[in-house]
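Q: quick one, what's the 3D model for this:
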Amino acid sequence: MRAEPMPATVRPALTPAEAASVLRMSVRDLAALRRTGQGPECLMISPRTIRYLAGDLTEWRQRRAEVKTATCAAS
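A: Take a look at the predicted model:
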């Protein structure tokens, strides 16, 4: 059976390991952020299957950079 190409409107979802690599952090740290509600938005496909959209990682990283910049500027 041959796999059909993914439609252009469907964005590929990243595994936690892939997302952690993009964010340059450990999978364990990403999981800890997810458990505390401080991490990027994720998709819970099932209790053991979690995925991240690349756009959500970018937005989360940008928000964190803005917060850190504001904190540094206030010091």
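Q: from L53, how far out is R63?
A: Distance, R63 to L53, by C-beta to C-beta, to the nearest Å: 15 Å. C-beta coordinates here come from the backbone N, C-alpha and C atoms, glycine included.
Q: those two: which is more packed in?
A: L53 (17 against 11; other C-beta atoms under 10 Å).
Q: beta partners of that one?
A: Taking DSSP bridges as the rule, L53 bridges to A13.
Q: local confidence estimate at it?
A: For L53, the model assigns a pLDDT of 96.
Q: list the contacts of it.
A: Applying C-beta atoms under 8 Å, 6 or more residues apart in numbering to L53 gives the contacts 11, 13-14, 41, 43.
Q: list only buried entries from those.
A: When the contacts of L53 are checked for burial by 16 or more other C-beta atoms under 10 Å, the buried set is 13-14.
Q: dead centre of this structure: give me the residue that sits there.
A: In the chain, the centroid-proximal residue (C-alpha atoms, centre = their mean) is L57; its distance is 3.8 Å.
Q: could you check how far that residue is from A65?
A: Taking C-beta to C-beta, one finds L57 at 13 Å from A65.
Q: swap in T36?
A: Using C-beta to C-beta, T36 is found at 19 Å from A65.
Q: now do T58
A: The gap separating T58 from A65 is 11 Å, by C-beta to C-beta.
Q: among those two, which residue is more densely surrounded?
A: Neighbour count, other C-beta under 10 Å: between T58 and A65, T58 has more, with 13 against 10.
Q: ok, which stretches of this protein are helices?
A: 16-23, 27-36, 54-74 (DSSP state H).
Q: could you find the closest non-adjacent residue to L43?
A: Leaving out its chain neighbours, the residue that sits closest to L43 by C-beta to C-beta, 6 or more residues apart in numbering is R51, at 4.6 Å.
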